[in-house]
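Undergrad: This is a predicted model, with the sequence first.
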Amino acid sequence: MTDHENSHAPEAATGPATGHATGHDAIAAARTALGIEFGSTRIKACLVDADDPSTVLAVGSHEWENEFVDRIWTYSLDAVRTGLQAAYADLVADAERRHGIRPQSFGTIGVSAMMHGYLPLDEHGEAIAPFRTWRNTTTGAAAAELTELFGVNIPLRWSIAHLHQAVLDAEQHLPRLRSLTTLAGYVHRLLTGRSVLGVGDASGMFPIDSSTKGYDAELIARYDALAADRLPTGSVADLLPEVLVAGEHAGELTAEGAAYLDPSGELRPGVAFCPPEGDAGTGMVATDSVAPRTGNVSAGTSIFAMVVLERPLGGLHHELDLVTTPAGDQVAMVHCNNGASELAAWAGLFARFSAASGAALDTDAVYDTLFREALDGDSDAGGILAYNTLAGEPIAGLTEGRPLVVRTPESRFTLGNVVRAQLYGVFGILALGMRVLADEGVALDRMFAHGGMFRTAGVAQRFLAGALDAPVSVSETASEGGAWGIAVLAAFTGSSSDSPVDLDTYLRTAVFGTFAFETTTPDPDDVAGFASYLDRYRSGLAIEQAAVDAMPLEGPAA
């Protein structure tokens, strides 16, 4: 899902320049906060100055990809280990290049990852089934039953939906199940020995009671009655990680954890950890949007919008998830399984064309050329539709996806319209969900956007403003995403004992005080053009379903 970032993101995040002595001294004294995030295409590490978290001291990254194995989207846990170690080693090398010192300790560490999914563990903390990511849509029966039971929307990707589907299917691993966690919780447990989650990540496992900032006790009881003797423990609560809020201490790096993160042996144990969080929460932190009436859009392999609510919604909507900020405040989430991956595939096609023509362009130049061409396209993309559905899309009722470009004979088939249609397609399902929020009367003061596709100034940001019919702001950190966000949360944990403040105040005063944001207001022609596009897009979903039916995937059904 932040990265859920695409190939247009930079090799490593960048931050304000720091003097050699300042960075060297902060690293030597361990006055630093380290953030590590497992995005969908990249594992990133980001080191910040704990006294000024807006100052990035070093970065590291490692590319990886999900696998489609036996019709399940997954990442191997061996890839988790090797990727984590590679990203950390890259960060250490970057610190040495920039500041002449290799970190041996940190003030605090935080781990973030893609939310949701299913990662079941036995009594020894070993996985007893392949990790099932947020991208899987095989839990329809369970999600529907739980939504009716709880009276709140339970999306297909939530951990409780995956667990209940395993219960319904009587999967063989269930008798050995002793705990359930997310990817962030799994890595945090390996490094600290503690089974805990930040409340934002936990809210994608099981519904949270915002008054207690823990799992909803009434819904726990309802599920226990439903599952009865089909679970290997007395209560589903016994399987779930302990819930913590931003600023709380979440354990310390053990000797085993230090060796797991840094096989070289240089890293010393004993470093404090903040609660592990999901990429949605770190995206909110990275865009200073944790207060009511603020929101953000994160675009990468998936795309999702987070809007912090000032009051409860009036009803249940299958297009909306109710999750929380890292501080436990309620958030309406519009989550789409498909983001910019198909756009990246088209960019790769044009990159290859440029190379074959003898005038090769690098990736950034290809994106810049295509995006600029889209500005000359018609406001409604000339009647062309683009579906970016590599995977299923629950909001649209699609259990599987087939990427499509569709046009009629009278469509205006130009490069600008094709690219604009692809950009509009990234925002299509998201816009359907955001229309539901608008109908609920949810007000927004600020909407921020981040992710690699916003690096080309003034294009994707402008089209998103037209799609939402709302101003959209982008900061200079738009492509940095969650690794920096979890580093900021780690710094917040380290600072909370000195002068306790709430997370919103900390972000506004200690982190974003000097940040500049570029805000784009909606262009009326874009608003009208996208509305016309969206009407056709909604009607064209029938074509998408027909393509799924006509072009079955190879391999056995899940």
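TA: Cool, the structure landed.

Undergrad: Where does pLDDT dip in the stretch 101-250 of the chain?
TA: Low-confidence segments of the stretch 101-250 of the chain, defined by pLDDT under 70, are absent.

Undergrad: Where do the strands of the stretch 1-150 of the chain begin and end?
TA: Applying DSSP state E, counting those that start in this stretch to the stretch 1-150 of the chain gives strands spanning 32-38, 42-49, 52-63, 67-69, 72-74, 108-113, 119-121.

Undergrad: ok, now the stretch 401-550 of the chain?
TA: Using DSSP E, counting those that start in this stretch, strands in the stretch 401-550 of the chain cover 404-406, 446-450, 472-475, 517-520.

Undergrad: right, and the ones you listed - which one's nearest L349?
TA: strand 404-406 (11.8 Å; C-beta to C-beta). Just so you know, the C-beta spots here come from the backbone N, C-alpha and C atoms, and that holds for glycine as well.

Undergrad: can you list the residues that contact that closest one?
TA: I384, L385, A386, Y387, T389, V418, A421, G540, I543, E544, A547 (C-beta atoms under 8 Å, 6 or more residues apart in numbering).

Undergrad: In that strand, which of the residues would be classed as buried?
TA: Judged by neighbour count using 16 or more other C-beta atoms under 10 Å, the buried positions of strand 404-406 are L404, V406.

Undergrad: which SS class is the closest residue to G283 other than its chain neighbours?
TA: Spatial nearest neighbour of G283, chain neighbours left out: S298 (4.3 Å); criterion: C-beta to C-beta, 6 or more residues apart in numbering. Following DSSP: H, G, I helix; E, B strand; the rest coil, the label given to S298 is strand.

Undergrad: all numbers from here: first residue = 5
TA: Yep, numbering from 5; the last one is S302 now.

Undergrad: S302 - how many residues pack around it?
TA: 29 (other C-beta atoms under 10 Å).

Undergrad: What is the neighbour count of R75?
TA: Neighbour number of R75 under other C-beta under 10 Å is 14.

Undergrad: can you tell me the distance between the two ends of stretch 204-220?
TA: Chord length of stretch 204-220, first to last residue, is 14 Å (C-alpha to C-alpha, to the nearest Å).

Undergrad: Helices of the stretch 355-504 of the chain, start to end?
TA: Assigned by DSSP state H, counting those that start in this stretch, the helices in the stretch 355-504 of the chain fall at 367-379, 419-443, 464-472, 486-499.

Undergrad: tell me the angle the second one makes with helix 464-472.
TA: Interaxial angle, helix 419-443 versus helix 464-472 (axes from the mean of the first three to the mean of the last three C-alpha atoms, to 10 degrees): 50 degrees.

Undergrad: ok, now which ones touch H321?
TA: N157, V440, E444.

Undergrad: Make a markdown table from those residues and add distance to G269 and neighbour count to it.
TA: Formatted as a markdown table, the contacts of H321 follow (distance: C-beta to C-beta, whole Å; neighbours: other C-beta atoms under 10 Å):
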| residue | distance to G269 | neighbour count |
| --- | --- | --- |
| N157 | 47 | 19 |
| V440 | 53 | 18 |
| E444 | 54 | 18 |
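
Undergrad: rewinding a little: could the contacts of strand 408-410 be laid out in TSV, adding pLDDT?
TA: Formatted as TSV, the contacts of strand 408-410 follow (pLDDT from 0 to 100):
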residue	pLDDT
I388	98
L389	98
A390	98
Y391	97
T393	95
V422	98
A425	98
G544	96
I547	96
E548	94
A551	95
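
Undergrad: filter these to the buried ones?
TA: By 16+ other C-beta under 10 Å, the contacts of strand 408-410 give I388, L389, A390, Y391, T393, V422, A425, E548, A551 as buried.

Undergrad: Tell me the one among those nearest to I40.
TA: Among the buried ones among the contacts of strand 408-410, and counting by C-beta to C-beta, the member closest to I40 is T393, at 30.3 Å.

Undergrad: residues in contact with the closest one?
TA: Contacts for T393 were tallied using C-beta under 8 Å, 6+ apart; they are N341, N342, E346, A400, L402, G405, R406, P407, L408, E548.

Undergrad: Now that we have the buried ones among the contacts of strand 408-410, can you turn them into TSV and tack on distance to A290?
TA: Converted to TSV, the buried ones among the contacts of strand 408-410 look like this (distance: C-beta to C-beta, whole Å):
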residue	distance to A290
I388	33
L389	32
A390	28
Y391	29
T393	27
V422	31
A425	29
E548	32
A551	36
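
Undergrad: List just the nearest of those to L324.
TA: Among the buried ones among the contacts of strand 408-410, and counting by C-beta to C-beta, the member closest to L324 is T393, at 19.8 Å.

Undergrad: which one of the strands of the stretch 5-154 of the chain lies closest to R136?
TA: The nearest among those, by C-beta to C-beta, is strand 76-78 at 5.7 Å.

Undergrad: Quick check: which helices or strands does the closest one pack against?
TA: Contacting strand 76-78 under the criterion 3 or more C-beta pairs under 8 Å, 6 or more residues apart in numbering; DSSP states H and E are the following elements: strand 71-73.

Undergrad: if we can go back for a sec, redo the strands of the stretch 405-554 of the chain as a markdown table? Include distance to A295.
TA: Output for those, formatted as a markdown table (distance: least, C-beta to C-beta, whole Å):
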| stretch | distance to A295 |
| --- | --- |
| strand 408-410 | 39 |
| strand 450-454 | 9 |
| strand 476-479 | 14 |
| strand 521-524 | 15 |
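
Undergrad: Which one, of those, ends up nearest to T186?
TA: Per C-beta to C-beta, nearest to T186 of those: strand 450-454, 21.1 Å.

Undergrad: Any idea how far stretch 115-125 is from the middle of the chain?
TA: From the chain centre to the centre of stretch 115-125 is a distance of 11 Å (C-alpha atoms, centre = their mean, to the nearest Å).

Undergrad: So for it, what gets flagged as buried?
TA: Result for stretch 115-125 [16+ other C-beta under 10 Å]: buried residues V115, S116, A117, M118, M119, H120, G121, Y122, L123, P124, L125.

Undergrad: Endpoints of that stretch, how far apart?
TA: End-to-end span of stretch 115-125 (C-alpha to C-alpha): 19 Å.

Undergrad: Kindly provide the distance from V409 to G429.
TA: V409 sits 9 Å away from G429, going by C-beta to C-beta, to the nearest Å.

Undergrad: what touches both of the two?
TA: L389, A390, Y391.

Undergrad: So the second one is in contact with N421, correct?
TA: Same thing as A390. No - A390 lies out of contact with N421 (C-beta atoms under 8 Å); the separation is 9.9 Å.

Undergrad: that older thread, distance to E246 and mean pLDDT for the strands of the stretch 405-554 of the chain - can I get that in JSON lines?
TA: Shown next, in JSON lines, are the strands of the stretch 405-554 of the chain (distance: least, C-beta to C-beta, whole Å; pLDDT from 0 to 100):
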{"stretch": "strand 408-410", "distance to E246": "44", "mean pLDDT": "97"}
{"stretch": "strand 450-454", "distance to E246": "29", "mean pLDDT": "86"}
{"stretch": "strand 476-479", "distance to E246": "33", "mean pLDDT": "87"}
{"stretch": "strand 521-524", "distance to E246": "36", "mean pLDDT": "90"}
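
Undergrad: nearest residue to R139 other than its sequence neighbours?
TA: Closest residue to R139 apart from its sequence neighbours, by C-beta to C-beta, 6+ apart: W77 at 4.0 Å.

Undergrad: Can you give me the distance of the one you found to N140?
TA: For W77 relative to N140 (C-beta to C-beta), the value is 5 Å.

Undergrad: Doesn't F308 belong to a helix?
TA: No - read with three-state DSSP, F308 is strand and lies in no helix.

Undergrad: Quick check: which element contains the residue nearest to it when sequence neighbours are not counted?
TA: With C-beta to C-beta, 6+ apart as the criterion, F308 has its nearest non-adjacent residue at 4.2 Å, and that residue is H339. Applying DSSP states H and E as the criterion places H339 in strand 334-340.

Undergrad: Contacts made by that strand with the rest, please.
TA: For strand 334-340, the external contacting residues (C-beta under 8 Å, 6+ apart) are 5, 159, 161, 207, 214, 284, 288, 306-313, 316-317, 323-329, 397, 399, 433-434, 437-438, 440-441, 446.
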